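> fold the stuff below for me.
(chains A, B, C, D and E)
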Amino acid sequence: MALAKSKYMQVVNPVYDGDIPPSEMTLSFINYDSASAETKDVSTIDEVIKLKNDSKILWINVSGLKDIDSIKRLGELLEIHPLTIEDILQTEQQAKMEVFDNYRFFLVKTIVQKKNIFSRINAGKKKFSLPFLTKKNPISQEEKTDELIITQVGMIIMKNVLLTFQELSGGAFESIKRKILENTGEIRKMETDYLAYLIIDKIVDEYFNSINHLEEHIENLEERATKTNDDTYIEEIQETKKYLLFIKKAILPLKNNLLIISRQESFFQTGDIKPFLQDLIENLDHAVTQVEHYREWLSSVMEVNLSVLSYQLNKIMKVLAMISAIFIPLSFIAGIYGMNFDVMPELRYKMAYFIVLGVMLIVAVTMIVFFKVRKWF
Amino acid sequence: MALAKSKYMQVVNPVYDGDIPPSEMTLSFINYDSASAETKDVSTIDEVIKLKNDSKILWINVSGLKDIDSIKRLGELLEIHPLTIEDILQTEQQAKMEVFDNYRFFLVKTIVQKKNIFSRINAGKKKFSLPFLTKKNPISQEEKTDELIITQVGMIIMKNVLLTFQELSGGAFESIKRKILENTGEIRKMETDYLAYLIIDKIVDEYFNSINHLEEHIENLEERATKTNDDTYIEEIQETKKYLLFIKKAILPLKNNLLIISRQESFFQTGDIKPFLQDLIENLDHAVTQVEHYREWLSSVMEVNLSVLSYQLNKIMKVLAMISAIFIPLSFIAGIYGMNFDVMPELRYKMAYFIVLGVMLIVAVTMIVFFKVRKWF
Amino acid sequence: MALAKSKYMQVVNPVYDGDIPPSEMTLSFINYDSASAETKDVSTIDEVIKLKNDSKILWINVSGLKDIDSIKRLGELLEIHPLTIEDILQTEQQAKMEVFDNYRFFLVKTIVQKKNIFSRINAGKKKFSLPFLTKKNPISQEEKTDELIITQVGMIIMKNVLLTFQELSGGAFESIKRKILENTGEIRKMETDYLAYLIIDKIVDEYFNSINHLEEHIENLEERATKTNDDTYIEEIQETKKYLLFIKKAILPLKNNLLIISRQESFFQTGDIKPFLQDLIENLDHAVTQVEHYREWLSSVMEVNLSVLSYQLNKIMKVLAMISAIFIPLSFIAGIYGMNFDVMPELRYKMAYFIVLGVMLIVAVTMIVFFKVRKWF
Amino acid sequence: MALAKSKYMQVVNPVYDGDIPPSEMTLSFINYDSASAETKDVSTIDEVIKLKNDSKILWINVSGLKDIDSIKRLGELLEIHPLTIEDILQTEQQAKMEVFDNYRFFLVKTIVQKKNIFSRINAGKKKFSLPFLTKKNPISQEEKTDELIITQVGMIIMKNVLLTFQELSGGAFESIKRKILENTGEIRKMETDYLAYLIIDKIVDEYFNSINHLEEHIENLEERATKTNDDTYIEEIQETKKYLLFIKKAILPLKNNLLIISRQESFFQTGDIKPFLQDLIENLDHAVTQVEHYREWLSSVMEVNLSVLSYQLNKIMKVLAMISAIFIPLSFIAGIYGMNFDVMPELRYKMAYFIVLGVMLIVAVTMIVFFKVRKWF
Amino acid sequence: MALAKSKYMQVVNPVYDGDIPPSEMTLSFINYDSASAETKDVSTIDEVIKLKNDSKILWINVSGLKDIDSIKRLGELLEIHPLTIEDILQTEQQAKMEVFDNYRFFLVKTIVQKKNIFSRINAGKKKFSLPFLTKKNPISQEEKTDELIITQVGMIIMKNVLLTFQELSGGAFESIKRKILENTGEIRKMETDYLAYLIIDKIVDEYFNSINHLEEHIENLEERATKTNDDTYIEEIQETKKYLLFIKKAILPLKNNLLIISRQESFFQTGDIKPFLQDLIENLDHAVTQVEHYREWLSSVMEVNLSVLSYQLNKIMKVLAMISAIFIPLSFIAGIYGMNFDVMPELRYKMAYFIVLGVMLIVAVTMIVFFKVRKWF
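Numbering: from 1, shown residues only, chains lettered A, B, ... in the order given. Below is the predicted model:
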């Protein structure tokens, strides 16, 4: 498919842990076969590499990408193309998927709520702070972490080795690790492709969390649409729209890559994984539909807001116009008796001034009554 | 399905009776097999528990959740997890479904019109009073009860026992009870899962009643869209929209849970129930479509209202602007003859003042005629 | 289906004749088998009842529901439930369908153009006068009858007897009677259910006539959208919308009831009727889609009208604002020379007054030229 | 189908020639079998009729319907019902289709661009002049003929005779004639129904030409939407919309009639024609969708235009309001020193007048600077 | 299909090279069979023609169409119809497809970003410069080439010869040439039709590149919708819309022609090509949907922009109206004491002037406070 090839031939592979992210790079592995599983945090690459063998599956996870030398050395030891390593280290890229002779490389974007990872490591990250949430209540510690962060995960799938490179660490993968250690489900009997599938599934789950999180924002925005005249309201809507667009742009390449994979007989080693992929693709499809629906919803919310604001503004204008409409005729009357004609009989009458004041009062009251009767205010 | 798991893994199980709700907690049971059925209101838990046996089905219904100790004791006697009991007692939760070893737990939201339950028990309940209904006619006793109340129902499905916990009592279940006692249909020959299905079906019926009830409101709102300039009109629309959103949020998890169930071979004991579930899911799907259609309808109604209001406001502005446009030129003429130049020949003419007044009149009349000819008012 | 049961379990059965409706109740019958057919207007119930036998089909038609005693007696003789008779007599009901042991009862709403029935009997009927039609041309006799009237028809289907109760009489059924008498088509060989089908089909035809009639109105309204500034225009749109809503509400229960029937093996005696019902349901579906399309169309027409009106209003405002903008600076100049400072050299110059008048003229002309050059008017 | 019967039971049969239309009625025929073909223009009916025989197909074409006596005589000779002849002669009718014992009658509307027929015959024809086309360039001779004309064609299909009655003559049928004479394709081997199909196909082609022609207009209108403030612009849009509606109303009955035909086994003699009809119906369906899309497109174009116009108008209003807002405070200052209090110390100061003038200047400049800084103009 | 025939019977055949386009015409060929391949740039037509033989495939590419004589000679040598040569040379045509006895002719429009071809040859080309891209950053060399250029490619498919005529040269075809020379894939074993398919596929890829390129523009436009008040913003939107329309008009005939081909058994020699065509058609369908979605998106973006702009304008108007509303009553007070009545007691009081000034101040402050309290500014 031309579209997929030209735009979406990207790697899908996000990694992060839900726990406290270290400010330093950490290196850990799980080594398992159907009989046993072993995990350890290690300090040097070489400790891990020697575990690699044909009978066991080795999952190496790198959290935080500070120690560039180690990562490069890991790449060399496992015969990974230097360009792949570069892709992993450079975090401003789009999601992609690349096929090499001895491995498959996925690069994927993840979206996490800050409160799920407690603190960010890299200062340069894009933040989607959603101010409208913190506006309603006094800012508590918990809300301060209500931010959405986009990180990147690289994943290299080899025959018996799975490498994951997380820009931010966090506990999302911990649940998968636990599954391996506790031997729940089928995981220990499956190949690296099933492990990769589980990681992608976790990331997709996070997408849905973010979408649901935003849904609440949108409901909140809709509720305020007819009440607020806050100048930042429109900005909030635009911000949310932008964020939805970002999610869509993270999902679409992932979906397209999974679609390509699901059609290729040979990509994942075990055919058993196909129905899982189908499910995943359907979910991503559903997510895209939802995101587009939310964008349209926001547009209509914005329109309602602008219509209501304009109407309220016009009501103010009406009152101001009434003030003018009452005083301009009165000024005209005053203007008449401000003229300097030699012969202006009224000017000579003793009570004239008071009569004119009275007339002005009557005119003003008449106009007000007229406006009131017509229900103009 | 990722979405369902992360958000909608909730229990579906609402219970209420259409009769006068007691301010106290009441406890009742029906004990039946295909041959006979017996029902009684009881005062203590222990009276009921001893009826439990393998050959008969026992349905225990708890209305009003005041006597927490009794409920907890019931939980202990039937080996129900303390967290389930907590879920039942806490009424501010979302709908959910949980599977335990010896039972399945549903928690569901119900929407009832107040007139169907006569009086509310718990003061803390959310009310959706729909003021626009009561506005049209003088408030009668009947209309005062035209309110929508959201309550919660817990349902525990065991092998031969069904427990229902109603936040508010009412007669909705009475019809099912009667069916059992009078042995209408297949109910006496079926397992507890069929009984549970009938209860959920009743609750879904109530959803449709609420939706149809709101449809009339929306029609009423549409009719008023071009006439009203009531400030509360927009508020009513927003209120109705919010209510529709609530119904959607009550239906969606129910639908997703039923979908999960309908795919699991083992959940309901008898396969006979599947076609009923399919019907129920289709109906819920249809309801969601309708609710979304109504929300869009309301948006368009609001837009029409705002357009009409703005147009009417502008017509007022036009009249005010006309008043200004007529008197400003007149004031200018008066201003000219209010100037203090030494040489202003006109000022000396005897009739000048009256001529100027005449000119002013002519100017004013000309302008009015001009406006009239152009059909500006 | 929960929706159908709670809302739409209604009878579908309208009856009217296209001829001059009598102000009195008339009673007529057709008695036929495949060999012969006989029709007569009768004055008493008993004359008809004795014709009932097992080998022939008897269709009794009651037009105008004035003689309540006769109708009740007819009910008693044919063992019809008193509630059914009550439903037939009370004309403010919704369409419904009810199944009894010995008969099926349909109640349906019909929509007829007044010109098709010449005069109305009951004064209390709802009228949908469509003023925009009569506005264009001088009101002729023919147009005066351009009104849409909603009436009700009751239909009781028994084994060999069909009862129809028309609120208004008219010739719509005459064509069916003729078919029986002239033995056209299959009608004489069919059971009462086929006869009932033919009657419903006639009523559905009338729905389409009404929809097409309204389509022309909408086209007319669209054409006027950018030209009219008639205050009643919006009202006409709302009226038409309301009417479309009514048609939809008449069609939906009919469709749902036919759907239920078409699924029940046993409802209509002869299976041959199913394909006809399928056709009818498809047509009704199509009609609902059309009605909703027309409602949206009207909304967009209204929006165009309001936009055009607002724009025209704003053009008027612009002219008024120009008048003010020209005279306010002039007034200011006059105001300067109306000040009473002791030292104002200009006031002493002989030509000053005329120079100032000239300056005023120049200012005014400059502004007008400026506005003209900028194409502001 | 109820809809089709009540509204669309109309004849589909348009005829015209692309050449120069004669102001007089012309009569021509083609007489052919698979072996030979002969064509001639004749002056009397009787010359043609004697050619009718069972082994050859005779196509008689009547262009221009002036000689009513001849047409009536033709009808008599071929045993055509007088009502059919009346339908052919009366050109203000809707399209229809009627089935008689010895022939089938089609009446259809055609839409042709005037430039394709060079001059019109009947002065009373409806014209859709599209002024916006001629506005852009100086009016050339070619553009003057850029008009859409609606004419009517009658077609009578008999066993071996096809009669076509064209309101306007033109060369559209010439290509079919040529096909017969040159024996291209299968035409000589087919019956009259295939010939009729070819004629209808030609007319449908013309519909598409008209639609494509209008598409360009709409693109042109869209381009001007944000630039024009021409009062006739909205009118042009409405005109185009009306025209699209007309095309739709010409297509719909044709489509419905063809649909009815394609379902009837016996209508066209040779079954071979069915796939062609299917194609034609699909094309007409596609055309209707396109026409409706264009109507919506025009609505949105109009809305954009009105929004842009309103915005531009408001910008003018802003400038006018600024002029007022600057001079009204200045007038107030002048007004203060125009007061006649005995004690007003400022009035006595020699420089006061000039100081006040200076203050006024400062106020005015300050306001302008303020507006400029805020980017209000 | 009537639509296709009347409008879309056009040739699909674009050619360009991604490299530096020569200002002169260049002539090159590839001569290959499954065993060998040879390529060369030649200077005269005759050099090429003698390579033509039955066992090898000869692809002749002409870049730049300056040397008209050579092209005409090429046409003569290969027995190409003069009208086809004319179509190739005239670059203002619409896409088309024509079938001749000895060859098939495609004419297709291509859309390329200027940066992909470095410089344009023909000065008369249409340019779609997209100014909004260059506005954000300072104009760099790279951005200056961010322009979309529409060129035309002609393609003549013969038995063993493929001729391509590129209006602009460029490297797009280079990749295909390389495939032939390096014998990658199946290309060497296939006929000329497969080669033609590859060329069209390349052009379709470029369409998607252009669409994706525009998508970014639209996102950028959406982001600016609530912030900009740039007068050129609306223009940019209209420009982008126009461009999308152009892409659609380039895609639609291509799609229709491919559809026609894919139905004709005989068009492409090898049946193997059909699934590729199906894919291509699906992609083009998808592209059209996307383009229409983008057009609607732009419409809604424009509406948001106009709504926001109008609202901001109204806020300015409000401030201006407030200034007037404050000073007009003050002027009225001044006007009163500017009247010239003989008896105006206040005028005689010594402090009156200062009291009046004070009253004015109080009135002004009261109004400001009132406006402030009501949150009018």
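> tell me the SS of residue A:152?
Three-state call for residue A:152 (DSSP: H, G, I helix; E, B strand; the rest coil): strand.
> count the neighbours of it for me.
Residue A:152 sits with 27 neighbouring residues when counted by other CB atoms under 10 Å in any protein chain shown. C-betas here are computed from N, CA, C, even on glycine.
> could you do residue A:351 as well?
Residue A:351, neighbours per other CB under 10 Å, totals 10.
> any idea how far chain B is from it?
19 Å (CB to the nearest CB, to the nearest Å).
> pLDDT score assigned to that residue?
With respect to pLDDT, residue A:351 has a value of 93.
> which residues does it contact?
Contact analysis of residue A:351 by CB atoms under 8 Å, 6 or more residues apart in numbering or on different chains lists residue E:343.
> how close does it get to chain C?
Separation of residue A:351 from chain C (CB to the nearest CB) stands at 25 Å.
> swap in residue A:89?
Distance of residue A:89 to chain C, given as CB to the nearest CB: 54 Å.
> that residue: what's it in contact with?
A:65, A:68, A:71.
> format those as a markdown table; extra columns: pLDDT and distance to residue A:96.
Formatted as a markdown table, these follow (pLDDT from 0 to 100; distance: CB to CB, whole Å):
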| residue | pLDDT | distance to residue A:96 |
| --- | --- | --- |
| A:65 | 80 | 17 |
| A:68 | 85 | 20 |
| A:71 | 88 | 18 |
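> restricted to helices, list the residues you listed.
Taking DSSP state H as the definition of helices, the contacts of residue A:89 contribute A:68, A:71.
> just give me the closest of the contacts of residue A:89 to residue D:254.
Ranked by distance to residue D:254 (CB to CB), the contacts of residue A:89 are led by residue A:65 at 68.2 Å.
> how many residues are close by the closest one?
Neighbours of residue A:65 under the rule other CB under 10 Å: 21.
> tell me the secondary structure for residue A:105?
For residue A:105, the secondary structure call by three-state DSSP comes out as strand.
> so who does it touch?
Counting by CB under 8 Å, 6+ apart, residue A:105 has contacts A:11, A:13, A:84, A:87, A:97, A:98, A:99, A:154, A:155, A:156, A:157.
> closest to chain D among those?
residue A:97 (37.6 Å; CB to the nearest CB).
> does any bit of the helix or strand harbouring that closest one sit next to chain E?
In this structure, residue A:97 sits in strand A:96-99 according to DSSP states H and E. No - residues of strand A:96-99 are not located near chain E by CB under 8 Å from any CB of the partner chain, the shortest gap being 14.8 Å.
> one more: stretch A:320-332?
Yes - using CB under 8 Å from any CB, stretch A:320-332 reaches chain E at A:320, A:321, A:323, A:324, A:327, A:328, A:330, A:331.
> please enumerate the strands of the stretch 51-200 of chain A.
All strands of the stretch 51-200 of chain A, identified by DSSP state E, counting those that start in this stretch, fall at A:57-63, A:96-99, A:104-113, A:127-129, A:147-157, A:161-166.
> dump these to CSV, plus mean pLDDT and distance to residue E:199.
As requested, the strands of the stretch 51-200 of chain A are exported to CSV (pLDDT from 0 to 100; distance: least, CB to CB, whole Å):
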stretch, mean pLDDT, distance to residue E:199
strand A:57-63, 89, 45
strand A:96-99, 82, 26
strand A:104-113, 84, 31
strand A:127-129, 47, 44
strand A:147-157, 82, 36
strand A:161-166, 90, 41
